[in-house]
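**Q** Here is my input, please return the structure:
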Amino acid sequence: MNRKQAIPKTVDDYLAGFPHAFHASLRKIRATIKRAAPGAKETISYWIPTFKLNGALIYFAGFKAHIGLYPMTATLRRQFPKELSEYLSGKATAKFPLDQPIPYTLIEQIVRFRVKENVVEANRMNMARAQKKGRRYGQEDHCKKYNLSVV
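**A** This next block holds a predicted model:
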C-alpha cells in the first residue's frame, strides 16, 4: 500500500491501495476470515483491515513481500505450534510470504480459534459484571449464538 495515500476508511479502500497482483491473495484472506467468523464486523483499525467480534478478533495487512496476520496470541501459539512455526515473526505476528502458497486453511483455523477465545472472554466479562450487580448471567445463550459448547 502506498503510505502517502489517505488513511483508508473501508477495507475496500485499503485493498484499492495495493497493486493488482496483491488483490487476489488479500481478497481470499478477507473471504476466509468472513467464512470463519460470519458474525464479525469488518472495519479499519490501526490503518489495516480488522474484524471485530466481542472485541478485536483478527487483523491482516499487506506488505511488499508478505501478508501479516495479527494477533498471534499465546494461546494460538500453543494451539498451533507446528503449523505456525515457519510463519511466526515477533511476539504477535504471522507473516505469510507472497512467494509461497498462502495457508488459507490455517488462517481459517486460526480465526475459528480466535472466535472461541473472544466468546469465552466475553462470557467471563459478562459473568463478572452480572455477579457484581448480583445477577445471574446465562452464558449458554451467548455460546448458542456462535454454535459453541459452554466452557
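
**Q** residue ranges for the helices of the protein, please.
**A** 11-16, 20-36, 74-79, 81-84, 104-132, 139-145 (DSSP state H).

**Q** for the ones you listed, which one sits closest to Ser45?
**A** Nearest to Ser45, of all the helices of the chain, is helix 11-16, at 10.8 Å by CB to CB. In this view, the C-beta of every residue, glycine as well, is placed from N, C-alpha and C.

**Q** distance of the closest residue to Tyr87 other than its chain neighbours from Pro19?
**A** Residue nearest to Tyr87 in three dimensions, not counting chain neighbours: Ala94, with 4.3 Å by CB to CB, 6 or more residues apart in numbering. To Pro19, Ala94 is 22 Å away according to CB to CB, to the nearest Å.

**Q** More neighbours: the two, which one.
**A** Ala94 (26 against 10; other CB atoms under 10 Å).

**Q** Isn't Trp47 up against Pro8?
**A** Yes - look at Trp47 against Pro8 with CB atoms under 8 Å: they come within range, at 7.0 Å.

**Q** ok, the two, which is more surrounded?
**A** Higher neighbour count among Trp47 and Pro8: Pro8, with 17 against 12, using other CB under 10 Å.

**Q** Let me know the distance separating the more buried one from Glu86.
**A** In terms of CB to CB, Pro8 sits 30 Å off from Glu86.

**Q** Kindly report the same for Ala61.
**A** 19 Å.

**Q** who's more crowded, the two?
**A** The neighbour count for Ala61 versus Glu86, taken as other CB under 10 Å, is higher for Ala61 (18 against 12).

**Q** I am finished for the moment; much appreciated.
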